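J.: For reference, the sequence and a predicted model appear below.
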Amino acid sequence: MTVVEREELQVVGIAVRTTNEAEADPSRALLGGLWARAGAPGAFDRVGSRADDRLYAVLTDYESDERGAYTQIVGVKVTELTGPPEGMVAVRVPAARCLKVEARGPMPQALIEAWRQVWKHADPPRAFTTDLEVHTAEGADLLIAVHD
């Protein structure tokens, strides 16, 4: 884990509102379905001005901390925010000081382990503003906003 500066970016994607408690219960979990929709062939073909071929997960609108509700948006980075296609949302991810955690290996287990590291981390403390996962063929990088 290292502390890095994240640049501002813009993402267009599909959103759900959930909690970690709900995600631990298969009957209430929403993230699996969100990722299934986002990973479907052509899921983001209608998004204009796409910046690259990575998938981005934006975690934002935190109610409180890791125990509260939050919104997760899975989508693509765009070079300009225009009206998103029907059924999608557009979000600006602000620049921030972040803790960078790498998730490598079989997914989703590597991602779950990376988040466990984040939940144990105390210094610098998490800001619970806007966090980001950047997914590539090699794995994912978590960019977790922290206090200065």
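T.: It's in.

J.: any idea how far V89 is from the most centrally placed residue in the chain?
T.: Against the mean C-alpha coordinate of the chain, by CA atoms, centre = their mean, the closest residue is A57 at 2.4 Å. Per CB to CB, to the nearest Å, A57 is found 13 Å from V89. Every residue, glycine included, has its C-beta placed from N, CA and C.

J.: any residues in contact with both of the two?
T.: By CB atoms under 8 Å, 6 or more residues apart in numbering, A57 and V89 have these common neighbours: I73.

J.: ok, and the residue lying closest to E133 once chain neighbours are set aside, which helix or strand is that part of?
T.: Nearest residue to E133, sequence neighbours excluded (CB to CB, 6 or more residues apart in numbering): A57, at 3.9 Å. Applying DSSP states H and E as the criterion places A57 in strand 55-60.

J.: which helices and strands sit right next to the helix or strand just after that strand?
T.: For strand 55-60, the following helix or strand on the C-terminal side (DSSP H and E) is strand 70-78. With contacts taken as 3 or more CB pairs under 8 Å, 6 or more residues apart in numbering; DSSP states H and E, strand 70-78 sits against strand 9-18, helix 31-39, strand 55-60, strand 89-93.

J.: The ones you listed into CSV, with extra columns for distance to H147 and mean pLDDT?
T.: Rendered in CSV, the data for the helices and strands packed on strand 70-78 read as follows (distance: least, CB to CB, whole Å; pLDDT from 0 to 100):
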stretch, distance to H147, mean pLDDT
strand 9-18, 21, 98
helix 31-39, 26, 95
strand 55-60, 17, 98
strand 89-93, 17, 96
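
J.: Of those, flag the one that's most buried.
T.: Counting by mean count of other CB atoms under 10 Å, strand 55-60 has the highest mean neighbour count of the helices and strands packed on strand 70-78, with a mean of 22.

J.: What pairs with the strand holding A57, parallel or antiparallel?
T.: Take DSSP bridges as the rule and strand 55-60 pairs in its sheet with strand 70-78 (antiparallel), strand 131-136 (antiparallel).
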